[in-house]
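Undergrad: let me see the structure of the following:
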Amino acid sequence: MTTLYAAEQLAQACTLGTSTLFEASGLSTSAADAAIRPIWAGASVAGPAYPLECAPGDNLSIHIAMEQAPRGSILVISTSGFVAGYWGEVLTVAAEAAGIAGLVIDGGVRDIAALTARRFAVFSRGISMRGTIKASAPSVGQPISFTGTPVAAGDLVVADDDGVLVIPAAHAERCLAQGQLRADKEARMMQALQGGQSTLELMGLTRWRMQQ
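TA: Numbers count the residues shown, from 1 in each chain. Here you go, the predicted model:
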C-alpha cells in the first residue's frame, strides 16, 4: 500500500532538495543514475513512488499504471535503459487528469515542447521520437531496481536539477529531519562567510593553511 506524505513534508523535501537530503540520509543506494535528468530546467517534484517496469520499446505497463497509481504518485519506470518515446503529451494529459505528480524513467520521452509548456515534472535518460508498442507488462506497482536503486511503492521520491533521490518509506521522516538540520547549519555557515570567516575556519580545516 502506498505511503502518503503530508503536503508540508513534500514541500519541505522540494525546498531541501536532493543534494541536501542525500547527504543527510546516509543511504548510499538512494541516488539514481546521474544520467537521469529533468527535461526542462527548474523541474522539482516530491511524492510517493509508484514503480513499474516496461519491456524495451513497450509502454503497456504505463497505461495500466494510470488506472492503478494513487493520486499524488510519481511514476518510477524501469525500461532496462532502452531509450524510446515511452511518454509524450497524451500521457501527460492523462497523468494530470489522474493526479499523477511526475515521472521518472530510465528510458526516453518525446513531445518535449508540450511537456515543457505544461510544466509537468519529467526526468528521463533521453529523448526519442521513436514510438512504442503495447504488448506486455512485466511489472506494475511491484518493487523494482531503478538504475541500481531499490524502489517500492510509497518510497519518497525527490527529483530536481541535481538528480533523482529515492528514500525508503521507513527512513523518510528521519531523512527529512536530518536534512532540515543540515540546511539550518549551512544557512548559519553562509551567514558567517558573509561576515568574513573562511570555509577553512568553519570546517575545522585550518591545519591545511599554507605556511607563509
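Undergrad: now the longest helix seen in the chain: average pLDDT?
TA: Longest helix of the chain, by residue count under DSSP state H: helix 172-194. Mean per-residue pLDDT for helix 172-194: 94.
Undergrad: give me the spatial nearest neighbour of residue 125, chain neighbours excluded.
TA: Leaving out its chain neighbours, the residue that sits closest to residue 125 by Cβ to Cβ, 6 or more residues apart in numbering is residue 106, at 5.0 Å. From N, CA and C alone the C-beta is placed, and that goes for glycine too.
Undergrad: and after the one helix or strand residue 64 maps to, which helix or strand comes next?
TA: Residue 64 is part of helix 60-68, with elements assigned from DSSP states H and E. Downstream of helix 60-68, the first helix or strand assigned by DSSP H and E is strand 74-78.
Undergrad: mind listing the strands that next one pairs with, and their directions?
TA: strand 45-53 (parallel), strand 102-109 (parallel) (DSSP bridges).
Undergrad: got the ones you listed as CSV, with mean neighbour count and mean pLDDT columns?
TA: CSV is the format used below for the strands paired with strand 74-78 (neighbours: other Cβ atoms under 10 Å; pLDDT from 0 to 100):
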stretch, mean neighbour count, mean pLDDT
strand 45-53, 25, 98
strand 102-109, 25, 97
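Undergrad: fine by me, we can end here.
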